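> Return atomic coordinates for the entry below.
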Amino acid sequence: MTRATAAPPGTTGRSAPASHTGLVLFALSIAGMVVSVQQTLVIPLLPRLMRHFDASVTTVTWVFTASLLAGAVATPLLSRFGDMYGKKPMILLAMALLTVGSVVCALSSSLAVLVTGRALQGVSSAMIPLAIGMIRDTFPREKVTTAIGLVSATMGVGGTAGMIVTGLIADRTESYRPVFWIAAGLAAVGMVLVAVSAKDRGAKNGGRPDLVGAALLAAFLVCLLLGISEGNAWGWASGRVLGLFAAAVVLCAVWVGVELRVREPLVRLNLLVGPKSLTANLASVLLGFSMFAAFTLISNFVQSPKDKIGYGLGGSVLDVGLYMLPSTVTMLVFSALAGRIAARLGPAFTLAIGSVFAGLSYVWLAVSNGHVYDVLAFSAIQGIGFGVAYAALGTLAVQHVPMSQSGIASGINSLVRTAGGSIAGAVTASVLTSRVIPHTPVPTLDAYVLCFWIVAAGAGLAALVALFHGLRHGAHHPHAADETAPSVVVDGTG
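Purely as a prediction, here's the structure:
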């Protein structure tokens, strides 16, 4: 039985039928997985691309950095457009650019063209927060946390899938092109699924886009993330890096001034640093730090030849993906269970629990890392942690904001998570390059152990932040403080 009351302004007051929400959730999950695949697809290919284009490490790194920067700029912009003009058109745009970018990469004959294609692919990072906003707009309230958890889990599942796909291809061909053709096909399938199944039921606010704010935010993020990404290669005290950070500070200050004055800002700053948003965003930075670190640290550690340097598993690129399969399984299972946990404890305390498990996975590797079962145990525990944590984080990010701003709130949370991942790459790279085996560029085992402890500490801090949020705001029930959620109560599962 459904009991409806008046919906708050800016909401539709309607939920999609249960049968339809299942189809929408499947489509959004597939699309999210494809987006996540493109984020890790090129990491194992970087050494091969260096040889193919006869380029340096710093130059080839742009293949990864370009996607990161494009995603950082596009996420808040498309998220805001989703609130203004509808989330479905923006999701389709993101998937279309992923398809086009994948084709450009597959056809590329120069590094510049490949980097351009990767930038187009990176725009698709906005799809995840747009999907979370759509779920909040259209799903019954009791299903929102579980649905957000499944879509959020695709970040880890897709990351592992990307490693496996690349590994299978790397074992059979020297060409990098098949990887991108596969990405193009998957993106096209995801786009069709969303086009057929999803419907916009949230309010479309319309309005004039804040183009000045968007340009300033883009310039600020490019300077900040480029400085972080290239700091290790260029030198943290170099003029280029210091100049980028100085420019980022100035641009950020100007951007804040513009957003405070413009009538319809791109980002309402209370969504970024408001009392209930700040802790969610801070936890997102720390969890992004922990999750992205796994992609690079574990890949390099597993492929290290134990017979030559005394540690590692001597595995292939494919082995890296296979070792992370337990994480895929546990992440899917526990992201689905996270809704029940959050219903009893609230999303803040659920986030704290997930963060603790994520931290414990890295503690395991820091203490014991010499056997295959160590990496498998790490993978399984990490999947539990991130499956629970990201499901709760997606809910916490939009719980206290008006429905009309759910897209941009989720987009900001995704943006700061990307920033956390960029910081993780810079920090771990600095540690690994500062502690090397004498007369070689190979990191020592102690360098990896220190990185594992640092990442574990990041997840531990995320748990403390979430715990503080739950105690301060009394968020016992996931919807207790959600004063702006739609006033439609659906009794039962339908």
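> Tell me where the stretch 101-250 of the chain has helices.
Secondary structure of the stretch 101-250 of the chain (DSSP state H, counting those that start in this stretch): helices at 111-122, 127-138, 141-170, 177-197, 211-234, 239-261.
> Just tell me which of these ends up closest to Phe357.
Phe357 lies closest to helix 141-170 among the helices of the stretch 101-250 of the chain, at 12.9 Å (Cβ to Cβ). For every residue, glycine as well, the C-beta is placed using N, CA and C.
> by how many degrees do the closest one and helix 177-197 diverge?
160 degrees (axes from the mean of the first three to the mean of the last three Cα atoms, to 10 degrees).
> now the angle from helix 141-170 to helix 127-138?
160 degrees.
> re earlier: and the helices of the stretch 101-250 of the chain, which one averages the lowest pLDDT?
Ranked by mean pLDDT, the helices of the stretch 101-250 of the chain bottom out at helix 141-170, with a mean of 78.
> How far away from the center of its chain is that helix?
10 Å (Cα atoms, centre = their mean, to the nearest Å).
> who does it touch, helix- and strand-wise?
helix 18-40, helix 127-138, helix 177-197, helix 278-303, helix 317-323, helix 325-345, helix 372-399, strand 488-490 (3 or more Cβ pairs under 8 Å, 6 or more residues apart in numbering; DSSP states H and E).
> Buried residues in the fourth one, which are they?
Yep, that's helix 278-303 we're talking about. 279-303 (16 or more other Cβ atoms under 10 Å).
> what bits of the protein have low per-residue confidence?
Within the chain, the segments meeting pLDDT under 70 span 1-20, 57-58, 201-207, 271-272, 403-406, 473-494.
> mind listing what Ser304 touches?
Ser304 is in contact with 311-314, 442, counting by Cβ atoms under 8 Å, 6 or more residues apart in numbering.
> Please disregard the earlier target; I meant Glu259.
Glu259 neighbours (Cβ under 8 Å, 6+ apart): 210, 213, 265-269.
> likewise Val455?
Val455 touches 289-290, 293-294, 297, 362, 424, 428, counting by Cβ under 8 Å, 6+ apart.
> What are the buried residues along the one helix or strand it maps to?
Assigned by DSSP states H and E, Val455 belongs to helix 445-473. For helix 445-473, a neighbour-count test (16+ other Cβ under 10 Å) marks 445, 447-452, 454-463, 465-467, 469-470, 473 as buried.
> same check, this time on stretch 228-242
Buried residues in stretch 228-242 (16+ other Cβ under 10 Å): 228-234, 241.
> and the residue lying closest to Leu445 once chain neighbours are set aside, how far is that from Ile437?
Nearest in space to Leu445, with sequence neighbours left out and distances taken as Cβ to Cβ, 6 or more residues apart in numbering, is Tyr311 at 4.3 Å. In this structure, Tyr311 and Ile437 are 10 Å apart, going by Cβ to Cβ, to the nearest Å.
> show me what contacts Leu396?
280, 283, 347-348, 351, 466, 469, 475.
> Recalculate using a threshold of 10 Å.
Taking Cβ atoms under 10 Å, 6 or more residues apart in numbering, we find Leu396 in contact with 145, 148, 276-277, 279-281, 283-284, 342, 346-348, 350-351, 413, 466, 469-470, 473, 475, 478.
> wait, Thr99 sits on Ala183?
Yes - shown here, Thr99 and Ala183 form a contact pair, counting by Cβ atoms under 10 Å, at 8.5 Å.
> And those two? Which one has more around it.
More neighbours surround Ala183 than the other of Thr99 and Ala183, with 26 against 23 (other Cβ atoms under 10 Å).
> Tell me how far that one lies from Arg208.
35 Å.
> Could you do Lys306 as well?
60 Å.
> Looking at these two, which is more packed in?
Remark: of Lys306 and Arg208, Lys306 carries more neighbours, 12 against 9, as counted by other Cβ under 10 Å.
> Okay, domains of the chain per the record?
For the chain, the TED database gives the domain ranges 19-200, 211-265, 267-473.
> okay, now Gly133: neighbour count?
29.
> and the residue nearest to it when sequence neighbours are not counted, how many neighbours does it have?
Sequence neighbours aside, Gly407 is the residue nearest to Gly133 in space, at 3.6 Å (criterion: Cβ to Cβ, 6+ apart). As a burial measure, Gly407 scores 32 neighbours (other Cβ under 10 Å).
> ok, now which ones touch Gly407?
76, 78-84, 86-87, 90, 126, 129-134, 136-137, 202, 398, 401.
> measure the residue lying closest to Ala27 once chain neighbours are set aside to Thr99 for me?
Setting aside the residues directly before and after it, Ala27 is nearest to Leu193 in space (Cβ to Cβ, 6+ apart), at 3.8 Å. Distance, Leu193 to Thr99, by Cβ to Cβ: 13 Å.
> who touches both of those two?
Val34.
> residues of stretch 359-376 that come out buried?
359-366, 369, 374-376.
> got a list of what Cys451 touches?
Applying Cβ under 10 Å, 6+ apart, the residues near Cys451 are 293, 296-297, 300-301, 362, 365-366, 424, 427-432, 435, 443.
> and the nearest residue to Lys143 once chain neighbours are set aside, how many neighbours?
Nearest residue to Lys143, sequence neighbours excluded (Cβ to Cβ, 6+ apart): Thr21, at 6.7 Å. Number of residues near Thr21 (other Cβ under 10 Å) recorded here: 18.
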